[in-house]
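J.: Mind folding the following:
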Amino acid sequence: MSNRKLSVILLSIGINLASISLLRVTAAAPQIYYIDCNEGSDAHVGTSPEQAWQTLGKGSQVLLEAGDQLLLKRGCVWDGTLTLSNSGTSSQSIYVGAYGTGEYPTIQSDQSDVHPVVISGNYHVIENLSTVGIAPARDANCDNTAVGLIDGFLFEDTSSHNILRNSKATGLSSGVKIGRNANNNLIIGNVFVDNNMMSILSPTSLNNNDDTGAFGVEVAGDANEIAYNTISGGDACSYDYGRDGSAVEIYGGHHNSVHHNLAHNNNTFTELGRSGTSDNTFANNVVTSTLQQSFFLITRGPNDTFGPVLRTKAYNNTVYLTGSQSLAVGCYAGCGTDILTLKNNILWAEHIVGYSDHPFDESYNLMWRSDGRPEIYFGSQGIQAHSRQANPAFVDIALGDFHLQAASPAVDMGTAESINAGYAVDFDGKLVPIGSAIDVGAYEFVPSLVMPPERAETRICAWAPGAWYLRNIARSGEPDYHVGIAAGRGLEWRWC
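T.: Below is the predicted model:
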């Protein structure tokens with residue numbers, strides 16, 4: 001149809017092409033809304049700090065659009081739920097964060113099934129918030145353990161492509177829960193501490209295999225990423241298991257990536273369960289515990305009620321467990337090469353380093369305990385030829401420094417399989433490998449670069465295959481002066 005004919009038709013009903021053009025290109029500017037628990041009022045318009053709303057209910061009702069922001073006043077504490085049900089876009093997220101000065105704005109709950117932050121929409125960036133669980137009940141017969149179902153940040157089944165960063169969660173049954181169909185969410189740079197509430201805690205006379213809870217992050221969805229978080233204190237009394245809890249629990253999820261997290265004193269770093277769970281990877285995590293009972297990774301084959309869990313991979317993790325009942329890796333009920341791949345890890349446990357009831361894909365691991373006799377029960381296979389039993393020679397265990405000394409057997413010991421899987425930087429963010437091969441464990445050893453005494457240069461570039469590492473030192477002058485090979489590891493350094 002020609003523009004002239006279209007004009008005639010539109011004019012006949014009182015519309016012209018100019019107005020159509022104006023409507024097509026005009027869009028509302030992104031809006032910023034504010035919530036202040038003390039000085040705000042739900043009668044306000046909410047679009048400035050002076051006209052802030054007061055309640056989470058009001059904030060939950062606003063129809064946030066792509067590019068909009070919802071800001072909560074720092075230092076404020078609310079009871080209840082902030083619900084984020086609208087969606088941004090891949091090019092413009094909805095931002096939810098904080099304004100003002102002081103502590104993170106806090107949302108708390110003391111009621112089961114009342115979760116502080118609930119995300120059902122897509123494309124949100126959520127940061128600088130704190131969620132807290134207050135025990136609805138306690139079990140006096142089990143260490144007075146908190147009992148209730150309260151998830152700090154609940155990503156419902158409909159949510160995807162959201163980012164949670166720089167936030168906190170404490171005292172909850174799950175600091176973060178990612179629902180069954182929630183996918184492609186990023187949980188990065190957060191602190192989850194003492195999430196030790198049990199959502200189910202029943203005496204064995206009622207059920208001897210149902211206790212659950214005390215999770216830093218609980219994942220049932222697919223293709224989510226949990227990275228660079230600090231997770232501690234996921235440990236609670238259990239009638240069924242003695243103790244329970246984990247930093248990252250995978251129950252039904254597929255293709256999730258858990259990497260570069262720092263975990264301390266959780267009952268388990270990760271346990272995987274539910275038939276159909278598959279293809280989850282754990283890489284470059286640093287996991288330590290002084291608890292009497294602690295584990296790094298627990299998974300199962302087809303002969304378990306909650307199995308099989310397929311194709312779990314663990315690469316380049318550093319694990320140090322000092323408890324008298326510690327077990328670094330457990331794979332049972334039909335473990336196999338289709339169940340678990342374990343490579344490039346440092347595994348130190350004062351009780352048992354590893355147990356499996358059948359051979360699995362294990363190699364290039366370094367295993368140890370302080371008496372020099374690590375207990376390893378990997379079925380009939382034993383440990384593979386490329387794995388070793390040796391002291392990893394950490395820089396300073398007493399100070400919690402798990403970097404490698406120059407003489408560590410972990411240096412240049414690993415396989416490139418982890419790099420090929422997409423994990424190309426160590427826990428410090430250095431590109432790997434620096435030497436002739438990738439090191440095992442979470443940290444790549446970097447040799448000291450000794451300066452010639454007659455020079456005082458700055459910006460020394462250390463070159464390695466496919467990567468470079470920059471050192472800043474005092475400068476005097478000559479560019480591009482090639483000095484040589486450092487520490488016999490194929491690492492060149494030069495002035496630049």
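
J.: and the chain, what are its domains?
T.: 1-30, 31-420, 460-495 (automatic domain parsing).

J.: taking the mean pLDDT, what do you get for the first one?
T.: I take that to be domain 1-30. The pLDDT scores in domain 1-30 average 42.

J.: how many other residues sit next to S448?
T.: Residues near S448, counting by other C-beta atoms under 10 Å, number 9. Yep, even glycine has a C-beta here, placed from its N, CA and C like the rest.

J.: One more: T204?
T.: 12.

J.: does it really touch S238, like I thought?
T.: No - assessed by C-beta atoms under 8 Å, T204 is found out of contact with S238, at 9.8 Å.

J.: Out of the domains of the chain, which is the most enclosed?
T.: domain 31-420 (a mean of 20; mean count of other C-beta atoms under 10 Å).

J.: now the end-to-end length of that one.
T.: 43 Å (C-alpha to C-alpha, to the nearest Å).

J.: How far away from the center of its chain is it?
T.: 6 Å (C-alpha atoms, centre = their mean, to the nearest Å).

J.: So which residues of the stretch 51-200 of the chain form helices?
T.: 56-61 (DSSP state H, counting those that start in this stretch).

J.: Next: the stretch 301-450 of the chain.
T.: When secondary structure is read from DSSP H, counting those that start in this stretch, the stretch 301-450 of the chain shows helices at 417-420.

J.: where does it have low pLDDT?
T.: 449-450 (pLDDT under 70).

J.: And the strands in it?
T.: Remark: strands assigned in the stretch 301-450 of the chain by DSSP state E, counting those that start in this stretch are 312-315, 318-321, 327-332, 340-343, 346-349, 352-356, 361-363, 366-368, 376-378, 388-389, 394-396, 401-404.

J.: Paired strands for the fifth one, with orientation please.
T.: Right, the one you point to is strand 346-349. The sheet places strand 346-349 alongside strand 318-321 (parallel), strand 366-368 (parallel), with pairing taken from DSSP bridges.

J.: Please apply the same query to the third one.
T.: Strands adjacent to strand 327-332 in the sheet, as given by DSSP bridges, are strand 295-300 (parallel), strand 352-356 (parallel).

J.: One more: the fourth one?
T.: Strands flanking strand 340-343 in the sheet, each with its direction: strand 312-315 (parallel), strand 361-363 (parallel) (DSSP bridges).

J.: Mind listing residues that contact the first one?
T.: The set of residues that contact strand 312-315 without belonging to it, under C-beta atoms under 8 Å, 6 or more residues apart in numbering, is 272, 279-284, 297, 299, 329, 339-345, 417-418, 421, 423.

J.: ok, now with 7 Å
T.: Contact with strand 312-315 is made by 272, 280-283, 297, 299, 339-345, 418, 421, 423, as judged by C-beta atoms under 7 Å, 6 or more residues apart in numbering.

J.: what do you get for the shortest one?
T.: Judged by C-beta under 7 Å, 6+ apart, the contacts made with strand 361-363 from elsewhere in the structure are T337, L340, T341, L342, K343, F378, I383, Q384, H386, S387, T415.

J.: Leaving out chain neighbours, which residue sits closest to the fifth one?
T.: Using C-beta to C-beta, 6 or more residues apart in numbering and skipping the chain neighbours, the partner closest in space to K343 is Y364 (4.8 Å).

J.: tell me the phi and psi of the one you found?
T.: phi 60, psi 30 (degrees, to the nearest 10).

J.: if I look at it, how far off is Q384?
T.: For Y364, the distance to Q384 equals 8 Å [C-beta to C-beta, to the nearest Å].

J.: before we move on, what about G330?
T.: 18 Å.

J.: which residues touch the residue nearest the centre of the chain?
T.: Nearest to the mean C-alpha position of the chain, by C-alpha atoms, centre = their mean, lies I226 at 2.7 Å. Residues near I226 by C-beta under 7 Å, 6+ apart: I187, V217, V248, V258, N261.

J.: Please apply the same query to M413.
T.: Y364, L366, A437, D439, V440.

J.: can you do 6 Å?
T.: Residues in contact with M413 (C-beta atoms under 6 Å, 6 or more residues apart in numbering) are V440.

J.: Roughly how far does it sit from N316?
T.: The value you get for M413 to N316, if C-beta to C-beta is used, is 11 Å.

J.: returning to that earlier point: would you reformat the strands of the stretch 301-450 of the chain as a markdown table and include distance to S91?
T.: Listed next are those as a markdown table, based on distance: least, C-beta to C-beta, whole Å:
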| stretch | distance to S91 |
| --- | --- |
| strand 312-315 | 33 |
| strand 318-321 | 38 |
| strand 327-332 | 42 |
| strand 340-343 | 37 |
| strand 346-349 | 42 |
| strand 352-356 | 46 |
| strand 361-363 | 41 |
| strand 366-368 | 45 |
| strand 376-378 | 49 |
| strand 388-389 | 49 |
| strand 394-396 | 45 |
| strand 401-404 | 40 |
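
J.: list the contacts for G102?
T.: R74, G75.

J.: Against S418, how distant is it?
T.: Relative to S418, and taking C-beta to C-beta, G102 is found at 42 Å.

J.: And for N317?
T.: 10 Å.

J.: who touches stretch 49-62?
T.: So stretch 49-62 is contacted by 33-36, 40-42, 44-46, 70, 78, 80, 82-83 (C-beta under 6 Å, 6+ apart).

J.: Which members of the residues you listed are the farthest-apart pair?
T.: Comparing all pairs in the contacts of stretch 49-62 by C-beta to C-beta, the longest separation belongs to V45 and G80, at 22.0 Å.

J.: Of the strands paired with strand 327-332, which is nearest D244?
T.: Across these, closest to D244 is strand 295-300 (C-beta to C-beta), at 10.8 Å.

J.: contacting residues around that closest one?
T.: 268-272, 287, 307, 309, 312, 314, 319, 327-333, 340.

J.: got the CA coordinates for stretch 247-255 in PDB?
T.: In PDB, the C-alpha atoms belonging to stretch 247-255 read as follows (Å, rounded to 0.1, in the frame of the first residue of the first chain):
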ATOM      1  CA  ALA A 247      28.400 -24.400  50.200                       C
ATOM      2  CA  VAL A 248      26.800 -25.400  46.800                       C
ATOM      3  CA  GLU A 249      24.100 -28.100  46.600                       C
ATOM      4  CA  ILE A 250      23.200 -29.300  43.100                       C
ATOM      5  CA  TYR A 251      19.800 -31.100  43.100                       C
ATOM      6  CA  GLY A 252      18.500 -31.700  39.600                       C
ATOM      7  CA  GLY A 253      20.600 -29.100  37.800                       C
ATOM      8  CA  HIS A 254      22.500 -29.400  34.500                       C
ATOM      9  CA  HIS A 255      25.500 -27.700  33.000                       C
END
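
J.: so how far is T281 from the nearest residue to Y99 once chain neighbours are set aside?
T.: Setting aside the residues directly before and after it, Y99 is nearest to L71 in space (C-beta to C-beta, 6+ apart), at 4.2 Å. According to C-beta to C-beta, L71 and T281 sit 35 Å apart.

J.: for A214, same thing?
T.: 23 Å.

J.: related to what we said a few turns ago, with distance to G242 as added columns, please give the strands paired with strand 346-349 in a markdown table.
T.: Output for those, formatted as a markdown table (distance: least, C-beta to C-beta, whole Å):
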| stretch | distance to G242 |
| --- | --- |
| strand 318-321 | 16 |
| strand 366-368 | 25 |
